[in-house]
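# heads up, no residue letters with this:
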C-alpha cells in the first residue's frame, strides 16, 4: 500500500513528452490534494474508486476564482473521505442539490412562462448524466436528491405559492417521463416538523406555505446572524453577488423603475432583498446539512469549494445561468448532427428504406451490399469483426476499413480509406431499454471538453496507424487525427478506439499515434477515449422499432454497448454521400 495519497487524473497516468507533443504538458490532476498519511485500515481499491468519482464530479463544476484553490483542496479531502465511506460500504453515493425553485417572474425578457420547459429538461438530463457517469466507474452508482428551495424565497420575489407548487409538480413529472431513476426530489416539508396531511395537493400545499417558511426560520435561523459579520465570508459574498446579478433582471417587471422608483432606489431594494435571501438561505442551508449530512453537497452558486461543490446545470459555453433564469435556444452551427425521427415508420420495409435513403444522397454500398443488417450473428462475422455480434464495439467512424489502392505522383501505391459522408439507420425491431445502446459523440463537444493539458493544436499535428486481421487484414498508416469538416470547417476527430484482445473474442484492433513511444501513444488514446465516453459529450440512443437515425459520419464518432445474446435487436444501415 502506498505511504501517501496522491490524486491523479484517472484518464491519463503516463507523462507525455513535451518535445514530441509541443504545446502539451504533463497532465495535471483536476484537484490537487496535499499528501496525507494513510492508516492500515484504508482500503486502497475503495480509495481509488472514490478518487475517480470525485474527479467525475469535478468535470461538472463551475470555474473557480484563482484565489479559492487552497480552500478547494481542503474541501476535496473532506469530500473524498465522505465518498470513500460510501464506496467502502458498497452503497450508492448520495448527493444533494438545493435548486429548481420556480421560474423567474420576468417573463418578458428572461423566461417563456411559469412552468419547466426545455431548459429544465436539459438540466435534469445533465444531472442524471452525472449520476450515470459515476455508475460507469462504480456499479452501485450515485443518487441525487434535488431539494426545492422555492418556498424559501418566492414571497420575496412576488412569486405566488401556487406557481411554486405547479413548477415542482411539473418538474417531477418530467423526470419520471424521461426515466431519470437516479434523481429524486425533496420539499421544504421534508426539512421541518409540522403536522401535515400525508399527501399534499395544491390546496394543502398553498395553505401551509407560510407555515413551512415560519417553521424553517424558527428552527434553523441563527439568532446571532448579522449581515455585516457574515458578509466577511468569501462563500457568502460569492452567493450574494450571484443573487444581485439575477435579481437585477428578475424584478424588472415586478418593481419597474419609474413612477417614483429611481434606478438608485431600485438598486437599494435589490440589495435589501438579496440580504433577506441570504438570511433565509443560511437557515435553509443549516436544515439541509442536518437532513443530508452524509450526502455530497452540490450547489448552483459559485463557492470556494470548501463546504460545497459548485456545478453548472446547463452545458453552456458562453456564460453561466440556470434553467429557471433563461430560455434555451439552439444554434444552427453544426455543433452536432445526429437526427432522430421517431413515430413515422410503423412497419420497417427494406425497399422503402433504400428508396428513402436515396432521397438523402448518393448511396455508397459495400461488398456486403447496400443494406447491412446489424444484429447478433454469433461467430458468423462475415469479415466484419464484432460488428455482427452482441459485444460492445470501439468508438469509430464508419468506413475506416473501406479502402481503395491509389498511386501517388511518385508511382508509390498505398491503401487509402474512403469513408462515406453519412449513415442512416432504421430500427428493424425495438431494443432492450437498458442495454444495446448506440452511442454518438460530437467532435465539437469532444474539442470543448478536452483536458487542459491536451490542446487541439497538438492533436491536429498528429497522425495515427491502425491494423487488424479483419477487413482483409487492413493496415492504414499516417491517418490525420483531426480533419476540417467539409461544410463548416470545424475540426473533426477521425479516430478508432484501440481494441485489444482482452476486450473481444474476435480480432483485436491495434491503434498507435505515429512518432510517439508506446506509453505516450497509449496516454493520448486513453485521454481521447475518456472524452468520447464523457457523459457531457456522448448521446445514448435506445432503439424503438421504426426509429430513423441520420448521422454525419465526419462530425460524429459512434459505437455500441453490449447486449444479451439473442436479444431482439436489429438495425438496418445504409451509407450515402
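Yep, it's here. Model, not experiment: these values are computed from the prediction.

# measure stretch 184-199 end to end?
Terminal residues of stretch 184-199 lie 17 Å apart, using CA to CA, to the nearest Å.

# would you mark the buried spots in it?
Using 16 or more other CB atoms under 10 Å as the test for burial, stretch 184-199 gives 185, 186, 187, 188, 189, 191, 192. To be clear about C-beta, it is placed using only N, CA and C from the backbone, and glycine gets the same treatment.

# check stretch 143-161 too.
143-154, 157, 159, 161.

# wait, isn't residue 200 in contact with residue 189?
Yes: Residue 200 is within contact range of residue 189, at 6.9 Å (criterion: CB atoms under 8 Å).

# now do the shared contacts for these two.
Counting by CB atoms under 8 Å, 6 or more residues apart in numbering, the shared contacts of residue 200 and residue 189 are residue 208.

# still on that earlier bit, can you tell me which of the buried residues of stretch 143-161 end up in strands?
143, 144, 145, 146, 147 (DSSP state E).

# closest to residue 110 among those?
residue 146 (21.2 Å; CB to CB).

# now residue 96. Its backbone dihedrals?
Main-chain torsions, residue 96, degrees, to the nearest 10: phi -140, psi 150.

# now swap in residue 350 and tell me
Dihedral angles for residue 350 - degrees, to the nearest 10 - are phi -60, psi -40.

# grab the longest helix from the chain for me.
Counting residues, the longest helix in the chain under DSSP state H turns out to be helix 263-291.

# now the two most distant members of the ones in strands among the buried residues of stretch 143-161.
143 and 147 (13.1 Å).

# count of neighbours near the nearest residue to residue 253 once chain neighbours are set aside?
The shortest distance from residue 253 to any non-neighbouring residue, by CB to CB, 6 or more residues apart in numbering, is to residue 106 (5.0 Å). When counting by other CB atoms under 10 Å, one arrives at 17 neighbours for residue 106.

# how far away is residue 106 from residue 566?
56 Å (CB to CB, to the nearest Å).

# gap between the longest helix of the chain and the chain center?
30 Å (CA atoms, centre = their mean, to the nearest Å).

# just checking, what packs against the helix or strand just after that helix?
Counting by DSSP states H and E, the element after helix 263-291 in chain order, helix or strand, is strand 296-299. Packed against strand 296-299 by the contact rule (3 or more CB pairs under 8 Å, 6 or more residues apart in numbering; DSSP states H and E) you find helix 69-89, strand 93-98, strand 309-310.

# neighbours of residue 225, how many?
12.

# now do the contacts for the residue nearest to residue 253.
Residues in contact with residue 106 (CB under 8 Å, 6+ apart) are 249, 250, 251, 252, 253, 254.

# among those, find me the one that's closest to residue 43.
residue 250 (47.7 Å).

# how near is the residue nearest to the closest one when sequence neighbours are not counted to residue 420?
Of all residues not flanking residue 250 in the chain, residue 104 sits nearest, at 4.9 Å (CB to CB, 6+ apart). Applying CB to CB, the value for residue 104 to residue 420 is 46 Å.

# distance from the chain centre to stretch 213-223, please.
Taking mean C-alpha positions (CA atoms, centre = their mean), stretch 213-223 and its chain are 36 Å apart.

# report the buried residues of that stretch.
Buried residues in stretch 213-223 (16+ other CB under 10 Å): 213, 215, 216, 217, 220.

# likewise stretch 488-503?
488, 490, 491, 492, 493, 494, 495, 496, 497, 498, 499, 503.

# same question, stretch 241-257
Within stretch 241-257, the residues that count as buried by 16+ other CB under 10 Å are 242, 243, 246, 247, 250, 251, 252, 255.

# shouldn't the last one be in contact with residue 269?
Right, residue 255. Yes: counting by CB under 8 Å, residue 255 sits close enough to residue 269 to count as a contact (6.4 Å).

# which one is residue 235 nearest to, not counting chain neighbours?
residue 303 (5.0 Å).

# cool, and residue 469?
With CB to CB, 6+ apart, the residue lying closest to residue 469 is residue 507, at 4.4 Å.

# measure that neighbour to residue 501 for me?
8 Å.

# ditto for residue 457
Counting by CB to CB, the gap from residue 457 to residue 501 is 34 Å.

# chain center to stretch 525-540: distance?
That offset, for stretch 525-540, works out to 10 Å (CA atoms, centre = their mean).

# got the contact list for that stretch?
So stretch 525-540 is contacted by 10-12, 27, 59-60, 126, 129-130, 132-133, 136, 315, 336, 338, 395, 437-442, 445-446, 449-451, 454, 493, 495, 497-498, 511, 513, 557, 561 (CB under 8 Å, 6+ apart).

# taking these one by one, which sit in strands?
Of these, the ones assigned to strands by DSSP E are 338, 438, 439, 440, 441, 442, 493, 511, 513, 557.

# quick one, domains of this structure?
Following automatic domain parsing, one gets these domains for the chain: 45-219+294-325, 338-576.

# which stretches of the stretch 151-300 of the chain form helices?
Per DSSP state H, counting those that start in this stretch, the stretch 151-300 of the chain carries helices over the ranges 161-177, 202-220, 227-230, 234-250, 263-291.

# as a markdown table, those helices with mean pLDDT would be great.
Listed next are these as a markdown table, based on pLDDT from 0 to 100:
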| stretch | mean pLDDT |
| --- | --- |
| helix 161-177 | 97 |
| helix 202-220 | 94 |
| helix 227-230 | 80 |
| helix 234-250 | 89 |
| helix 263-291 | 94 |
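
# could you export the ones you listed as a markdown table, including distance to residue 81?
Listed next are these as a markdown table, based on distance: least, CB to CB, whole Å:
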| stretch | distance to residue 81 |
| --- | --- |
| helix 161-177 | 30 |
| helix 202-220 | 25 |
| helix 227-230 | 27 |
| helix 234-250 | 20 |
| helix 263-291 | 16 |
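
# of the ones you listed, which approaches residue 83 most closely?
Ranking these by proximity to residue 83 (CB to CB) places helix 263-291 first, at 17.1 Å.

# now do that closest one and strand 93-98, the angle between them.
150 degrees (axes from the mean of the first three to the mean of the last three CA atoms, to 10 degrees).

# angle of helix 263-291 against helix 202-220?
Using the same axes, to 10 degrees: helix 263-291 against helix 202-220 is 80 degrees.

# so which elements touch helix 263-291?
Short answer (3+ CB pairs under 8 Å, 6+ apart): helix 263-291 packs on strand 93-98, helix 150-153, helix 202-220, helix 227-230, helix 234-250.

# still on that earlier bit, by mean pLDDT, show me the worst of the helices and strands packed on strand 296-299.
Among these, helix 69-89 carries the lowest mean pLDDT, at a mean of 85.

# show me what counts as buried in that one.
Buried residues in helix 69-89 (16+ other CB under 10 Å): 71-73, 75-76, 79-80, 82-84, 86-88.

# ditto for stretch 359-371
Result for stretch 359-371 [16+ other CB under 10 Å]: buried residues 363, 364, 370, 371.

# filter the contacts of stretch 525-540 down to the buried ones.
10-12, 27, 59-60, 126, 129-130, 132-133, 315, 336, 338, 395, 437-442, 445-446, 450-451, 454, 493, 495, 497-498, 511, 513, 557.

# compare the helices and strands packed on helix 263-291 and give me the one nearest residue 113.
Closest among the helices and strands packed on helix 263-291, using CB to CB: helix 234-250, at 14.8 Å.
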